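> Build me a model from this:
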Amino acid sequence: MNESIIEYFPESEVLTDVKSEQVRIIFASTPTSLFTILLSSFILSAVLWEVIEPATIITWFCLTNLLSAIRLFLYYQFRKLPFESLVSDIWQQRAITTSIASGITWGAGGILLFSEQSMVHQVFLAFMIGGICAGAITTLSAITAAVRGFVFVALIPVIIKFNLVESAISLEMTIMSILFMVMILVSAQRLNRTILESLEGRRQREMAERTIRRQAHFDELTNLPNRRLFLNNLRQEMAKADRHRRFGAVFFIDLDRFKSVNDSLGHAVGDELLVEVAQKIAERLRKEDSIARLGGDEFVVLLPEVGDDQDAAGNHASTIADEMRTLFVKPFMIQDNEIHLTISIGIALFPTNVSAEDLLKYADVAMYRAKSDGRDSVRLFSEEMQEAVNQQRIIEKGLRQALANNEFELYFQGQYDDDHHLVGAETLLRWNHPDQGVVAPGVFIDIAEQTGLIVPIGDWVLRSACEHLSRLDADLVLAVNVSPRQFSDANFVESLKQVLLETDASPKRLKLEITENLAMANIAHTIVTMNRLKRLGISFSIDDFGTGYSSLNYLNRLPVDELKIDQTFVRNVSNLPDHAIIVDTIIVMAQQLNLKIVAEGIETVEELDYLKSHQCKYFQGYFFARPVPFDQFSRSIV
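Have a look, this model is predicted:
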């Protein structure tokens with residue numbers, strides 16, 4: 001894998017280790033503890049100087065602070081350990097041992113410095129030792145053995161002395177000392193529990209963030225980088241190639257007839273085959289090369305250096321691609337099934353004057369040419385293939401005409417609570433193409449985003465949604481997706497306010513769905529815009545949650561009302577542990593942040609039952625209802 005990817009996402013990301021943090025807490029408080037011991041031992045020695053033999057006091061004072069010097073030495077040695085590294089057990093033993101040893105010195109003081117004749121000095125001694133023990137609660141409670149050991153050996157001797165001395169209040173002092181010790185130990189136990197819960201909570205948050213962050217950049221099946229991370233790396237390599245005047249290449253690889261494997265042998269075999277394919281392709285790559293999975297049976301490979309001139313680079317890249325094809329001559333053995341597989345590869349060279357996204361499209365166009373030419377072949381992107389790219393421009397032109405000719409239509413898919421009651425709906429855009437019929441947004445949304453047409457299309461969607469909302473008699477909330485470009489427009493809030501006013505739609509029944517990436521792109525602007533809309537009564541949902549990367553800290557700052565679990569995690573959640581971990585983490589996190597949870601893409605009763613059993617309350621998917629035009633949706637309400 002390319003080194004920049006490894007550096008960006010280290011394989012071994014250190015999480016909070018509870019035992020190590022316990023030891024760090026104790027050593028972090030060492031300087032304060034030692035200063036307290038020095039000051040307290042000096043005051044105690046000065047007060048008892050007249051009633052206890054000076055030699056005894058000096059001996060005790062020196063031993064107590066000699067041990068403090070040893071603890072200070074260990075403190076400085078501990079500080080030399082790498083930050084956030086795992087702390088070995090020996091340091092925990094040292095923390096416990098020195099804590100108990102310190103308690104022994106104070107226990108010895110309870111015997112050696114106990115004045116038989118002066119009740120006032122007896123009480124003062126008990127007061128000083130009790131104060132030291134009370135201070136130990138704050139400095140040693142991270143480790144139960146340390147604080148218990150210190151308190152026991154420090155207080156028991158003075159309790160015994162009170163019990164043995166014959167005075168008017170010796171019994172009372174004994175009882176009070178015992179009660180004080182019990183109180184201190186109980187308090188220490190409670191503080192220890194609080195510390196452990198805090199450390200464990202921190203660890204769980206780190207695990208949740210790491211899981212979500214990795215999910216945002218890596219394919220969960222093959223553990224390869226996904227499209228987002230690949231494009232980030234490609235942009236960097238394109239810039240380097242331009243600076244150093246060398247050529248690199250992008251391979252777009254597609255498995256031939258992979259669908260037939262899934263259909264005939266099942267998805268389990270297909271998934272295992274994809275993993276082995278990824279491994280086989282990676283075997284041919286150099287250290288500086290990288291591979292990613294875009295989804296399905298599509299892989300991409302980045303070769304940062306393939307030549308110094310375009311012709312040589314094209315020949316070299318084609319040779320490497322042909323070598324990759326030969327790797328698939330030998331059949332795969334998957335669950336006792338012999339599978340013969342071929343691949344089609346499209347190649348695009350860089351640097352060029354197009355973006356990383358367009359370069360990937362060029363490689364995709366070349367790959368489809370390889371498939372149309374008979375599969376199991378390699379094609380290098382050429383100007384002739386530009387015609388396929390021009391098809392995208394045809395779609396762009398069609399989108400402009402669709403706006404002018406009112407060819408767009410909103411479909412509505414219901415959202416239901418755990419009692420299967422309809423509580424709202426999500427609006428879904430469809431294009432009624434004059435020649436192709438109903439076109440789903442997956443065909444044209446990316447082109448609309450790239451060309452900026454998403455803004456007028458988004459404006460149409462919002463206005464149409466508000467018009468429909470005002471016509472709904474039921475008290476339903478309508479969810480509308482908002483694109484990043486639309487949301488970042490400086491006039492977005494005022495435009496929406498005007499739409500609400502003109503359509504007489506209730507803002508309290510309007511919910512805007514934004515993506516994680518939109519929210520995080522400009523967090524300050526996002527928060528300001530959301531708060532302005534919240535004041536109108538509009539609510540917010542984070543759509544496809546888990547597929548992007550949201551810092552949990554930032555998420556807590558956003559005025560969000562709801563998280564929608566992406567359907568890729570919901571699918572087969574009852575059977576796939578990895579999906580279950582993601583879903584459970586999102587649900588728990590939403591509960592802690594007091595956010596509503598909606599699971600989308602519910603298709604089976606098993607998925608629904610699993611989500612219900614894990615406290616998910618709201619659902620959307622084909623299990624309940626398919627997206628339908630407004631008239632059909634409104635009739636279904638009645």
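> surely residue 343 meets residue 322?
No: the criterion here is C-beta atoms under 8 Å, and residue 343 misses it with residue 322 at 10.9 Å. The way it works is simple: take the backbone N, C-alpha and C, and place the C-beta from them, glycine included.
> Looking only at neighbour counts, state which of those two leads.
residue 343 (26 against 12; other C-beta atoms under 10 Å).
> Would you enumerate the residues in contact with that one?
253, 254, 255, 256, 324, 325, 328, 376 (C-beta atoms under 8 Å, 6 or more residues apart in numbering).
> what's the answer for residue 269, then?
By C-beta under 8 Å, 6+ apart, the neighbours of residue 269 are 261, 262, 334, 335, 337, 339.
> For it, report the pLDDT, please.
Residue 269 is assigned 91 on the pLDDT scale.
> With residue 157 instead?
In this prediction, residue 157 carries a pLDDT score of 92.
> and what of residue 480?
95.
> Run through the residues that contact the closest residue to it other than its chain neighbours.
Excluding the flanking residues, the one nearest residue 480 by C-beta to C-beta, 6 or more residues apart in numbering is residue 465, at 4.6 Å. Counting by C-beta under 8 Å, 6+ apart, residue 465 touches 410, 427, 478, 480, 510.
> any idea where the strands of the stretch 101-250 of the chain begin and end?
In the stretch 101-250 of the chain, the segments counted as strands under DSSP state E, counting those that start in this stretch are 247-255.
> Any regions of the stretch 401-550 of the chain where pLDDT drops low?
521, 546-550 (pLDDT under 70).
> Now do the helices for it: every range, in order, please.
445-451, 454-471, 484-488, 492-503, 516-521, 523-534 (DSSP state H, counting those that start in this stretch).
> Out of the contacts of residue 343, who's the most crowded?
Going by other C-beta under 10 Å, residue 253 tops the contacts of residue 343 with 25 neighbours.
> Where is the longest strand in the protein?
Counting residues, the longest strand in the chain under DSSP state E turns out to be strand 422-433.
> any idea how far the residue lying closest to residue 478 once chain neighbours are set aside is from residue 424?
Distances taken as C-beta to C-beta, 6+ apart place residue 469 nearest to residue 478, at 4.8 Å, with adjacent residues excluded. With distances taken as C-beta to C-beta, to the nearest Å, residue 469 is found 10 Å from residue 424.
> which residues are in contact with both of these two?
The contact sets of residue 469 and residue 424 overlap at residue 478 (C-beta under 8 Å, 6+ apart).
> which helices and strands does the host helix or strand of residue 24 pack with?
Counting by DSSP states H and E, the element that carries residue 24 is helix 18-28. Applying 3 or more C-beta pairs under 8 Å, 6 or more residues apart in numbering; DSSP states H and E, one finds that helix 18-28 contacts helix 54-79, helix 89-112, helix 170-217.
> rank those helices by pLDDT, which is bottom?
Least confident of these, judged by mean pLDDT, is helix 170-217 with a mean of 83.
> before we move on, back to that, look up how far residue 423 lies from the residue nearest to residue 480.
17 Å.
> cool, and residue 58?
79 Å.
> Of the two, which one has the most company?
residue 423 (17 against 12).
> That one: what's it in contact with?
415, 416, 417, 476, 477, 618.
> rewinding a little: just name the most buried of the helices and strands packed on helix 18-28.
helix 89-112 (a mean of 19; mean count of other C-beta atoms under 10 Å).
> Check the offset of it from the chain's centre.
42 Å (C-alpha atoms, centre = their mean, to the nearest Å).
> Kindly calculate the angle that it makes with helix 54-79.
Between helix 89-112 and helix 54-79, the angle comes out at 170 degrees (axes from the mean of the first three to the mean of the last three C-alpha atoms, to 10 degrees).
> Distance check, residue 213 against residue 541.
For residue 213, the distance to residue 541 - C-beta to C-beta - is 21 Å.
> Farthest out from the centre of the protein, which residue is that? Tell me.
Centroid-distance maximum for the chain: residue 117 at 66.6 Å, with C-alpha atoms, centre = their mean.
> Let me know the pLDDT of residue 569.
Reported pLDDT for residue 569: 89.
> residues touching residue 447, list them.
The contact partners of residue 447, taken as C-beta under 8 Å, 6+ apart, are 392, 395, 396, 399, 453.
> how much space is there between residue 402 and residue 612?
40 Å.
> ranges for the helices of the stretch 201-350 of the chain?
Here the stretch 201-350 of the chain has its helices, by DSSP H, counting those that start in this stretch, at 227-244, 258-265, 267-284, 310-326.
> Residue 555: which of those is closest?
helix 227-244 (18.6 Å; C-beta to C-beta).
> Contacts for that closest one next, please.
Contacts of helix 227-244 (C-beta under 8 Å, 6+ apart): 2, 4-5, 8-9, 216-218, 225, 247-248, 250, 290, 292, 294-295, 300, 302, 304-305, 350-351, 356-357, 359-360.
> One more: stretch 50-62?
So stretch 50-62 is contacted by 41-42, 45, 48-49, 105, 108-109, 112-113, 115, 117-118, 121 (C-beta under 8 Å, 6+ apart).
> 7 Å instead, please
Contact partners of stretch 50-62, identified using C-beta atoms under 7 Å, 6 or more residues apart in numbering, comprise 41, 45, 48, 49, 108, 109, 112, 113, 115, 118, 121.
> Need the buried ones from these selected in PyMOL.
Selection command for PyMOL covering only the buried members of those, criterion 16 or more other C-beta atoms under 10 Å:
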select buried, resi 41+45+48+108+109+112+113+115+121
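> Looking at the contacts of stretch 50-62, which one is closest to residue 564?
The closest of the contacts of stretch 50-62, once distances to residue 564 are taken by C-beta to C-beta, is residue 41, at 62.1 Å.
> surely that closest one meets residue 63?
No: contact criterion C-beta atoms under 7 Å: residue 41 and residue 63 do not qualify, at 9.8 Å.
> and of the contacts of stretch 50-62, the nearest to residue 567?
residue 41 (66.7 Å).
> State the distance from the closest one to residue 263.
Relative to residue 263, and taking C-beta to C-beta, residue 41 is found at 81 Å.
> again with residue 113
As for residue 113, its distance to residue 263 is 87 Å (criterion: C-beta to C-beta).
> got it, and residue 443?
Using C-beta to C-beta, residue 443 is found at 23 Å from residue 263.
> And for residue 297?
Residue 297 sits 13 Å away from residue 263, going by C-beta to C-beta.
> Same check on residue 133?
According to C-beta to C-beta, residue 133 stands 73 Å off from residue 263.
> again, but for residue 50
97 Å.
> Also residue 188?
64 Å.
> Leaving out the residues flanking it, which one is nearest to the residue farthest from the centre of the chain?
Per C-beta to C-beta, 6+ apart, closest to residue 117 is residue 51, 7.2 Å.
> Also residue 392?
residue 447 (5.7 Å).
> Could you pull up the residues touching residue 97?
Neighbours of residue 97 in contact, by C-beta under 7 Å, 6+ apart: none.
> Break this protein down into its domains, please.
18-210, 227-381, 408-637 (automatic domain parsing).
> how long is the second one end to end?
The one in question is domain 227-381. Its start and end residues considered, domain 227-381 measures 20 Å (C-alpha to C-alpha, to the nearest Å).
> again, but for the first one
The distance separating the two terminal residues of domain 18-210, taken as C-alpha to C-alpha, comes to 17 Å.
> Columns distance to residue 585 on top of the helices of the stretch 201-350 of the chain, output as a markdown table?
Shown next, in a markdown table, are the helices of the stretch 201-350 of the chain (distance: least, C-beta to C-beta, whole Å):
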| stretch | distance to residue 585 |
| --- | --- |
| helix 227-244 | 20 |
| helix 258-265 | 29 |
| helix 267-284 | 22 |
| helix 310-326 | 37 |
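> looking at those, which has the lowest confidence?
Looking at the helices of the stretch 201-350 of the chain, the bottom one is helix 258-265 with a mean of 83.
> That one - contacts with which helices or strands?
The helices and strands touching helix 258-265, judged by 3 or more C-beta pairs under 7 Å, 6 or more residues apart in numbering; DSSP states H and E, are helix 267-284.
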